[in-house]
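Trainee: Provided below for reference: sequence and predicted model.
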Amino acid sequence: MRDNLRMVLTLLIIGTVCGALLSLVNGVTAPVIEARGQAQFLEALQRFFPEVADSRAEEIDGEVFYVCYDEGGNLLGVIASVTAEGYGGPIPYDLAVDKDGYIIGIRIKSHSETPGIGDVIEEEGFQGDIVGLNFADEIALGTDVDAVSGATVTMGGMVDSIRRVMNIIGEKYLDM
């Protein structure tokens, strides 16, 4: 009985110390990770809209839409910072759409898709199919975007999300 109590107390102390250390490490690394993500987004913003002078963020259903303007206050386009559902879980990404409703860029932030199959969403073939599509296009897997065998869940989730985001951008920001 005494040995069991000693073991329980030892495990309790070890668990408490480990939990405290993890909390401390998270407190130190979380701001660094947040700052790095913000820097990467600003870099993408400049790449998508080099002449951006101002942007305004608006949250819709937990996703953020950045409306971008030039120095004269003219609309350049919108960058949606959204999430698609893939085979391996959520896929956060940025989708840039110009003022005429054309997709001008996509940036996959992270994913847990199967290497060699689902990670096709990061490749130029998939992204090349997406860039240049317009709000008026169907944006469907197998029609506008080539399907890849074995990656249909991932690609289908991305394409469905892109179509949904294009609808929001077109109706809310571009009056299409």
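Mentor: Received, thanks.

Trainee: what's the longest strand in the protein?
Mentor: Using DSSP state E, we find that the single longest strand of the chain is strand 75-86.

Trainee: Each with direction, which strands does that strand pair with?
Mentor: For strand 75-86, the paired strands and their directions (DSSP bridges) read strand 63-69 (antiparallel), strand 89-98 (antiparallel).

Trainee: Go through it and flag the buried ones.
Mentor: 76-82, 84, 86 (16 or more other C-beta atoms under 10 Å). (Each C-beta comes from the backbone N, C-alpha and C, glycine too.)

Trainee: Of those, which is the nearest to I121?
Mentor: Comparing the buried residues of strand 75-86 against I121 with C-beta to C-beta places G86 closest, at 7.5 Å.

Trainee: Name the nearest residue to that closest one, sequence neighbours excluded.
Mentor: T154 (4.2 Å; C-beta to C-beta, 6 or more residues apart in numbering).

Trainee: and that neighbour, helix, strand or coil?
Mentor: Here T154 is recorded as helix under DSSP: H, G, I helix; E, B strand; the rest coil.

Trainee: before we move on, the earlier item: now the longest strand of the chain - C-alpha only, PDB.
Mentor: This file holds the C-alpha atoms of strand 75-86, laid out as PDB (Å, rounded to 0.1, in the frame of the first residue of the first chain):
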ATOM      1  CA  LEU A  75     -10.400  48.300 -54.500                       C
ATOM      2  CA  LEU A  76      -7.600  46.000 -55.600                       C
ATOM      3  CA  GLY A  77      -9.200  42.800 -54.400                       C
ATOM      4  CA  VAL A  78      -9.700  40.500 -51.400                       C
ATOM      5  CA  ILE A  79      -7.600  38.000 -49.700                       C
ATOM      6  CA  ALA A  80      -9.500  35.300 -47.800                       C
ATOM      7  CA  SER A  81      -7.700  33.600 -44.900                       C
ATOM      8  CA  VAL A  82      -9.900  30.500 -44.700                       C
ATOM      9  CA  THR A  83      -9.800  26.700 -44.000                       C
ATOM     10  CA  ALA A  84     -10.700  23.700 -46.200                       C
ATOM     11  CA  GLU A  85     -11.400  20.200 -44.900                       C
ATOM     12  CA  GLY A  86      -8.900  17.700 -46.400                       C
END
